[in-house]
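# Just to be clear, the model below is a prediction. Sequence and coordinates:
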Amino acid sequence: MNEQQFRKKLTARATASAALFVIGVCLCVYFTLNGKEGGGALERHYTNGFISGITAAGLLIAVKNMVIFKMPKLFRRYLIAESDERNRQISLKAWAWTGYIGVFLILASTLFVPGEVIRYLVNILCVLLMIYLAVYKFLQMKM
């Protein structure tokens, strides 16, 4: 990957994360103005947490990508990391391990999940992403 391709990729990431931030702010305004009546406390907390999470993630990723653009040394380091085959191999192995671990976790969790399956699956997805990060770091140290 050359510098031009990496710049396009960073621009796309920054645009997507800025859009995520805007969506989060719009959802926050919508739910604040239309205070959802009749919803339980768990539902309100879940919605607030979800909206806060996508808003913060969108903002932080957009800022990170802008900082990478502005600092040539950091840009070069991320370019090398992005195009390094070793990092790609580590990422592929981490996703494979995460997939296997995730399937077993989902199967085991179905034994204990009550009727609200969707919320649990979203939570399990979050756990899978954390497992991916842990496996990636483990493989990075090992390889």
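Looks like it arrived, so ask away.
# Dihedrals phi and psi, V29?
With angles defined as degrees, to the nearest 10, V29 sits at phi -60, psi -40.
# centre of the chain versus the helix or strand bottoming out on mean pLDDT in the chain, how much separation?
Least confident element among the helices and strands of the chain, by mean pLDDT, DSSP states H and E: helix 117-142 (a mean of 80). Helix 117-142 has its C-alpha centroid displaced from the chain centroid by 10 Å (CA atoms, centre = their mean, to the nearest Å).
# Okay, buried residues for it please.
Neighbour counts using 16 or more other CB atoms under 10 Å place 120, 124, 128, 131-132, 135-136, 139 of helix 117-142 among the buried residues. C-beta coordinates here come from the backbone N, C-alpha and C atoms, glycine included.
# Relative to I101, which of those residues is nearest.
Using CB to CB, I131 comes nearest to I101 of these, at 5.5 Å.
# tell me the SS of the nearest residue to C28 once chain neighbours are set aside?
In space, and not counting its chain neighbours, C28 is closest to I51: 5.3 Å by CB to CB, 6 or more residues apart in numbering. In terms of secondary structure, I51 is helix; the call rests on DSSP: H, G, I helix; E, B strand; the rest coil.
# The one 4 residues further on now?
Reducing the assignment to helix, strand or coil with three-state DSSP, the entry for T55 is helix.
# Contacts only, for the residue lying closest to it once chain neighbours are set aside.
Spatial nearest neighbour of T55, chain neighbours left out: G24 (3.0 Å); criterion: CB to CB, 6+ apart. Counting by CB atoms under 8 Å, 6 or more residues apart in numbering, G24 makes contact with 51-52, 54-56, 58.
# can you rerun that using 10 Å?
Contacts for G24 (CB atoms under 10 Å, 6 or more residues apart in numbering) come out as 50-59.
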